[in-house]
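Visitor: Just the structure for this:
(one chain, ligands or ions: 1)
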Amino acid sequence: MRAIEPFNQPPPDLGNQYDEDRALRQYLARVLPPEVLAEVEPSLREMGELAGGELYRMSLEDRENEPVLTQWDAWGNRVDHIEVSPLWKRAEVLAAQKGLVATAYEAAHGALSRVHQFALVYLFGPSTDVYSCPLAMTDGAARTLLESGSSVAERAVGHLTSRDPARFWTSGQWMTESTGGSDVGRSETVAVPEGDGWRLWGRKWFTSATTSQMALTLARPEGNGPGGRGLALFYVETRDDDGRLRGIEVNRLKDKLGTRKVPTAELTLRGAPAIPLKGLDSGVRNITPMLNITRTWNAVTSVALMRRGIALARDYARRRVAFGAALADKPLHVETLAGLQAELEGALQLAFWAVELLGRVEQQTASERDVQLLRLLTPIAKLTTGKQAVAVLSEVLESFGGAGYVEDTGLPTLLRDAQVLPIWEGTTNVLSLDTLRALSRDHGAFVALREALAEVTGELEDEALARVGRKASETVDRAGAWLRDTMGADPLEVEAGARRFALTIGRSVEIALVARQAQHALRQGDGRTRLAALRLAEARHDFLTPVDRGRLDRAAVRQLAMDEPA
Ligand code: MFK
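Guide: Residues are numbered from 1 along each chain as shown. Predicted coordinates for the structure are as follows:
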């Protein structure tokens, strides 16, 4: 018998996810003053090490573990215990210790602490099996509680923003009912006064991360009218001192396409004690601070997942040999990766612009224009980056050939998890309509956007960058003119065009922002971001055709694809 030694392909691997991320580091170097960057960088480097090392390895080992619901104990008691995966347990401790929520509320660097926090989130998220979900809701709950002015905030916010794992709480956000995931105003849960308090009765159909210690939810106080105005915002503590659920039953966990580590459940509320947070009506309006924070997390998570996929694809391209050379030396393969990197850079700039604005608004250092821009850009950033994440992760899987389609490589999870990003926290269409809502309530928001873009593109000295910057501004102007003209003529046509409108703005803003970042990078002698800006422009608006780009500079394309310096 002849010994057969088959070829085994070395798998992709990750290094320090902060040190290796040129786009993130260049962005931070632009927006953070040097002394702030020096202070926060050790925490980012440490998180980058965890994300590329221990947590990544754990996530591969943990691949088949999923949350388990035990409804009854041996003696017939209803317990509804949910056991989460080992990585989720580790993630909870780390999230508290590393201040994944706390950093924003301690605000050691004022408004820029939001940038610091979301840079940590971006590094932590892709290695922790969507533990970002409960953290996003926790952050959203802390903000909503603080804005509510309720005395409950004093009790809960200390837990939500704690760095002590023993004190740290996460929060749920129970909105969805079977009557409507998007049309929340149709919710059927009722709130009934009892003694000094309130009890909730109803069924919540899609409650993410059901292991949280508290939740914010909506219910209709008995006698209230229909719609979102008739709902009220309630605070619920899920368990009593003995760990028993308080008037809550977990019917089952959802069997989902992705986010399979997230214990998403169907709940019945059977008289769950609850405290109204901000009056007894206008619940939809009162929960929107939470929605806007979780939508920002969604945008950053989209970018982070794209980055993870590209990091793995890039490492693989160096290791995988086909047709006589490493994939990293194959012109068409690197051309494809370069296109993905350009998408990532656009999404990163857009999501983090929303983060910067959020920080300024929260710390009350925002101009009126910042406030307008934040309201407009939050849905746009969420919807634009969510769509990009699915497209990019699909291409990432393809770049591994058949290996990308095989479960125990861990790669298919990336695409499955990405698919939730355009869905939860408002689908692309719902957020497109929210973009119109923001503009219809505040006509100045569009002017604010145009002014901000003029400032961004005013920084562009490089001729090609200036050209794409101008095109981006012109495209935004054209979209504005379409909205103005169509609004008067046919509101239904405006509704039908909402997605095209919102994506046009999102994509154009990305191009302008990457062009600005590229201008900064050029000053440091780095041309990679410039090529990313030109590629985005070429891919999206026929701003440039491949012919305009001139002869393909293959060395430059490879630098962008493999993120290598010139
Ligand atoms: C890792 C990533 C993190 C993600 C983790 C998340 C975990 C997943 C958990 C979930 O998925 S929870 C479910 C998420 N569900 C949604 O996001 C609901 C999607 N649907 C919408 O957003 C609808 O647009 C909405 C429910 C808001 C429509 O309801 P209505 O009652 O028809 O809204 P209406 O009447 O237009 O607005 C009510 C008020 O809220 C208005 O103010 P006024 O009362 O003063 O007139 C609006 O201006 C205001 N409003 C609505 N959206 C707003 C907002 N204000 C600020 N920002 C917004 N986004």
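
Visitor: Beyond the strand or helix carrying residue 453, next helix or strand please.
Guide: Per DSSP states H and E, residue 453 falls inside helix 444-458. Next helix or strand after helix 444-458 toward the C-terminus (DSSP H and E): helix 463-489.

Visitor: is the ligand contacted by the following helix or strand past that following helix?
Guide: Note on helix 463-489: by DSSP H and E, the next helix or strand toward the C-terminus is helix 491-496. No. Helix 491-496 lies out of reach of the ligand by C-beta under 6 Å from any ligand atom, never closer than 12.8 Å. Quick note: C-beta positions are derived from backbone N, CA and C, even for glycine.

Visitor: which other helices and strands contact helix 491-496?
Guide: If contacts are counted by 3 or more C-beta pairs under 8 Å, 6 or more residues apart in numbering; DSSP states H and E, helix 491-496 sits against helix 428-441, helix 463-489.

Visitor: and residue 140, what does it touch?
Guide: 171, 173, 216, 289-294, 297 (C-beta atoms under 8 Å, 6 or more residues apart in numbering).

Visitor: just residue 448 next, same as before
Guide: Here residue 448 is in contact with 368-369, 372-373, 376 (C-beta under 8 Å, 6+ apart).

Visitor: let's go with 10 Å and repeat that
Guide: If you count contacts by C-beta atoms under 10 Å, 6 or more residues apart in numbering, residue 448 has them with 367-377, 442.

Visitor: how much space between the residue nearest to residue 276 when sequence neighbours are not counted and the ligand?
Guide: Leaving aside its chain neighbours, residue 276 sits nearest to residue 232 (5.2 Å; criterion: C-beta to C-beta, 6 or more residues apart in numbering). According to C-beta to the nearest ligand atom, to the nearest Å, residue 232 stands 13 Å off from the ligand.

Visitor: Contact distance from the ligand - what residues of the protein qualify?
Guide: 132-133, 136-137, 173, 175-176, 182, 184-185, 208, 227-228, 282, 284-285, 288, 291-292, 294, 297-298, 301, 424-426, 430, 434, 437, 441.

Visitor: For those residues, I'd like a selection string for ChimeraX - just the buried members, please.
Guide: Per 16 or more other C-beta atoms under 10 Å, the buried members of the residues of the chain next to the ligand correspond to this ChimeraX selection:
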select :132,133,136,137,173,175,176,184,185,208,227,228,282,284,288,291,292,294,297,298,301,424,425,426,430,434
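
Visitor: Where helices are concerned, which of the residues of the chain next to the ligand count?
Guide: 132-133, 136-137, 284-285, 288, 291-292, 294, 297-298, 301, 430, 434, 437, 441 (DSSP state H).

Visitor: wait, is residue 219 part of a strand?
Guide: Yes. Under DSSP: H, G, I helix; E, B strand; the rest coil, residue 219 sits within a strand.

Visitor: State the distance from it to residue 231.
Guide: As for residue 219, its distance to residue 231 is 7 Å (criterion: C-beta to C-beta, to the nearest Å).

Visitor: now residue 270
Guide: For residue 270 relative to residue 231 (C-beta to C-beta), the value is 19 Å.

Visitor: Spatially central residue for the chain, please.
Guide: By C-alpha atoms, centre = their mean, the chain has its centre lying nearest to residue 298, at 1.9 Å.

Visitor: measure that residue to residue 118 for me?
Guide: Residue 298 is 12 Å from residue 118, by C-beta to C-beta.

Visitor: for residue 564, what are its contacts?
Guide: 22, 314, 328, 528, 555, 558.

Visitor: nearest spatial neighbour of the second one, skipping sequence neighbours?
Guide: With C-beta to C-beta, 6+ apart as the measure, residue 562 is the residue that lies nearest to residue 314, at 5.9 Å, once sequence neighbours are left out.

Visitor: With the third one instead?
Guide: In space, not counting the residues next to it along the chain, residue 328 is nearest to residue 317; the distance is 4.2 Å by C-beta to C-beta, 6+ apart.

Visitor: cool, the fourth one as well?
Guide: Among residues not flanking residue 528 along the chain, residue 560 sits closest, at 4.9 Å (C-beta to C-beta, 6+ apart).

Visitor: do the fifth one as well
Guide: In space, and not counting its chain neighbours, residue 555 is closest to residue 566: 7.8 Å by C-beta to C-beta, 6+ apart.

Visitor: Quick one, grab the pLDDT at the residue nearest to the centre of the chain.
Guide: Predicted confidence (pLDDT) at residue 298: the value is 98.

Visitor: cool, residue 547 as well?
Guide: So, for residue 547, pLDDT stands at 43.

Visitor: can I assume residue 282 is in contact with residue 225?
Guide: No. Using C-beta atoms under 10 Å, residue 282 is not in contact with residue 225, being 11.3 Å away.

Visitor: can you tell me which of the contacts of residue 448 lies nearest to the ligand?
Guide: residue 375 (6.3 Å; C-beta to the nearest ligand atom).

Visitor: need the contact list for that closest one.
Guide: Applying C-beta under 10 Å, 6+ apart, one finds that residue 375 lies in contact with 288, 292, 357, 361, 434-435, 437-439, 441-442, 445, 448.

Visitor: Let's see the pLDDT reported for it.
Guide: pLDDT for residue 375: 97.

Visitor: Kindly report the same for the one 4 residues further on.
Guide: The per-residue pLDDT reported for residue 379 equals 98.

Visitor: same check, this time on residue 348
Guide: Residue 348 is assigned a predicted lDDT (pLDDT) of 98.

Visitor: nearest residue to whichever residue of the chain sits closest to the ligand other than its sequence neighbours?
Guide: Proximity of the chain to the ligand (C-beta to the nearest ligand atom) peaks at residue 228, 2.6 Å away. In space, and not counting its chain neighbours, residue 228 is closest to residue 284: 3.1 Å by C-beta to C-beta, 6+ apart.

Visitor: quick one: the one you found from residue 269, how far?
Guide: Distance from residue 284 to residue 269, by C-beta to C-beta: 18 Å.
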